[in-house]
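**Student:** build me a structure from this.
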Amino acid sequence: MNTEITTEAASAEELRARMVEKVRSKGFAANSRVEQVLRDMPRHDFVPGHDLDTAYHPFQAVITHRFADGSSLSCASAPFVVAMMLDQLDVRPGDRVLEIGVGTGYNAALLADLTGDTQLVTTIDVDPDVTTQARRNLNAAGYGDVRVVTGDGTDGVAEHGPYDRIIATVSPWDIPPAWWHQLIPGGRMVLPLRWRGQTRAVAFAEQDGTLVSDSVELCGFVNLTGETEGEQSGAITDDGTISLHWDRDQPLDHNTLHGVLDAPSITRWSGHTMGGSEPFDGIWLRMTAEDNRTCRLDVHPDVPSEVADPLAPMRSPALAAGESLAYVTKHRHQTDNGSRWELGAIGHGPAAETLTDRLIEMIDHWSPARDARPTVTAYPAHTNPPRASIDKRHSKLLVTYSEE
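**Tutor:** Prediction:
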């Protein structure tokens, strides 16, 4: 017996067990079947060239392919994200599953174990280098019957459908019609969907021609290739260090907003505080439900705070309208229990006061129920939702909270 191989296998098993425990401590892999497949699957076999510590880091993605500019093209998602989305997908034995975004093949192997039949899993990616490597990994790990397809993921893979479950491990801005058509009535679809500058893993269940969410979680993924881009972006400063990102259905013009931060500012404070490690993403999510002017402000970290001082420099929620802009900010606030951050809003332009007051109002709505998650309902684009929606090319989204 090769002692080195035996020792490595034992080390991998120990690291894998530790990985699962840490993932579970964050509330993921709550589904016992998801927990078991994560414990059983040798993740290091799907990230060759990386050491065991990297392969089994519970909160770290492993980049496996990059574009020429250095940005990531494909990766093995962090295990906690994998667990989160598999919990959301709720695969049952015998389910036929389509995965968009092959990655390293690791997720497809987990899906095969969950469904109980490798022939029921189809995974597609547009990049032949990615699919070739994944095919190699799956074959070596004993999952040779998983179908690996090279093609445009927006088209799905109709010949092996329809599917009980569809999952995307790349981030779409819209829901392609092919995915709707290839999902069975009552099926489930989990997508890291983008709207208003942020990304959420949304677990949808098909209900009478609509998709209705029962789980919405913060996430971040490589964007879906082959999708006609619906997100817009543009610099609002001469040096390009500050930019806005918005959706195609929003009547924003970054040229109109160019230089808006040079205008006098108005600052409002909410009286609501948060700890340094507390999540604030719920504010942004709440804003997308309540105000169609919600967008994203990106500020380079080198920009002085007197020029722009957003809540999170590279990704901060904002409101933009005409020649005016307001964004969420914070400042250190000392309390009897120590240091906290008070949330507020800074506005510029003719409607600065209106926009800052609106931001404070939405922070007021968020604060009493900070962990609340909305229902996201997707309608086909040709239908008329019951109220104003977030309009994409192929779908319309409604984001609603239970008190509405």
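**Student:** so where's the stretch 101-250 of the chain uncertain?
**Tutor:** For the stretch 101-250 of the chain, residues meeting the criterion pLDDT under 70 lie at 226-228.
**Student:** let's see it at 80
**Tutor:** 221, 225-229 (pLDDT under 80).
**Student:** please, where are all the strands along it?
**Tutor:** In the stretch 101-250 of the chain, the strands defined using DSSP state E, counting those that start in this stretch lie at 121-125, 147-150, 163-168, 183-195, 198-207, 210-218, 231-235, 242-247.
**Student:** what's the answer for the stretch 251-400 of the chain, then?
**Tutor:** Secondary structure of the stretch 251-400 of the chain (DSSP E, counting those that start in this stretch): strands located at 265-274, 294-299, 316-321, 324-335, 338-348, 375-380, 390-391, 395-400.
**Student:** helices or strands next to the last one in the packing?
**Tutor:** The one in question is strand 395-400. Contact partners of strand 395-400 among helices and strands, from 3 or more Cβ pairs under 8 Å, 6 or more residues apart in numbering; DSSP states H and E: helix 281-290, strand 375-380, strand 390-391. All C-beta atoms are positioned from the backbone trio N, CA, C, and that covers glycine.
**Student:** again, but for the longest one
**Tutor:** Using 3+ Cβ pairs under 8 Å, 6+ apart as the contact criterion, the elements in contact with strand 324-335 are strand 265-274, strand 316-321, strand 338-348, helix 352-366.
**Student:** my guess is residue 371 meets residue 285, correct?
**Tutor:** No. Using Cβ atoms under 8 Å, residue 371 is not in contact with residue 285; the gap is 11.0 Å.
**Student:** hmm, back to that, quick one: which of the strands of the stretch 101-250 of the chain is nearest residue 140?
**Tutor:** Among these, the nearest to residue 140 by Cβ to Cβ is strand 147-150 (13.0 Å).
**Student:** neighbouring contacts of that closest one?
**Tutor:** Strand 147-150 has contacts (Cβ atoms under 8 Å, 6 or more residues apart in numbering) with 102, 105, 108, 119, 121-128, 131, 134-135, 138, 157, 160.
**Student:** any of the residues you listed buried? List them.
**Tutor:** For the contacts of strand 147-150, a burial check counting by 16 or more other Cβ atoms under 10 Å picks out 102, 105, 108, 121-126, 131, 134-135, 138, 157, 160.
**Student:** report the contact partners of the closest residue in space to residue 316 that isn't next to it in sequence.
**Tutor:** Among residues not flanking residue 316 along the chain, residue 310 sits closest, at 3.5 Å (Cβ to Cβ, 6 or more residues apart in numbering). For residue 310, the contact set (Cβ under 8 Å, 6+ apart) comprises 297, 299, 316, 318, 327-329.
**Student:** tell me which two of those residues sit farthest apart.
**Tutor:** For those, the maximum inter-member distance is 12.0 Å, found between 299 and 328 (Cβ to Cβ).
**Student:** any idea how far residue 328 is from the residue nearest to residue 316?
**Tutor:** Relative to residue 328, residue 310 is positioned 7 Å away (Cβ to Cβ, to the nearest Å).
**Student:** mutual contacts of the two, please.
**Tutor:** Taking Cβ under 8 Å, 6+ apart as the contact rule, residue 310 and residue 328 both touch 316, 318.
**Student:** could you pull up phi and psi at residue 43?
**Tutor:** The phi and psi values for residue 43, taken as degrees, to the nearest 10, are phi -60, psi -30.
**Student:** and it, what pLDDT?
**Tutor:** Residue 43 is assigned 95 on the pLDDT scale.
**Student:** residue 371 and residue 285: which is more packed in?
**Tutor:** Legend: neighbour count by other Cβ atoms under 10 Å for residue 371 and residue 285, higher for residue 285 (24 against 6).
**Student:** my guess is that one meets residue 399, correct?
**Tutor:** Yes. Residue 285 is within contact range of residue 399, at 7.5 Å (criterion: Cβ under 8 Å).
**Student:** shared neighbours of the two, anything?
**Tutor:** Residues touching both residue 285 and residue 399 comprise residue 374, with contact defined as Cβ under 8 Å, 6+ apart.
**Student:** nearest to residue 230, of the helices and strands packed on strand 324-335?
**Tutor:** From those, taking Cβ to Cβ, the stretch that ends up closest is strand 316-321, at 16.9 Å.
**Student:** any weak-confidence spans in the stretch 251-400 of the chain?
**Tutor:** Residue ranges of the stretch 251-400 of the chain with pLDDT under 80: 276, 333-338.
**Student:** do that again at 90, thanks
**Tutor:** Residue ranges of the stretch 251-400 of the chain with pLDDT under 90: 275-280, 313-314, 333-339, 387-388.
**Student:** excluding chain neighbours, what is closest to residue 128?
**Tutor:** Excluding its sequence neighbours, the residue lying closest to residue 128 (Cβ to Cβ, 6+ apart) is residue 150, at 5.0 Å.
**Student:** give me the number of residues near that neighbour?
**Tutor:** As a burial measure, residue 150 scores 15 neighbours (other Cβ under 10 Å).
**Student:** identify the bridge partners of it.
**Tutor:** residue 125 (DSSP bridges).
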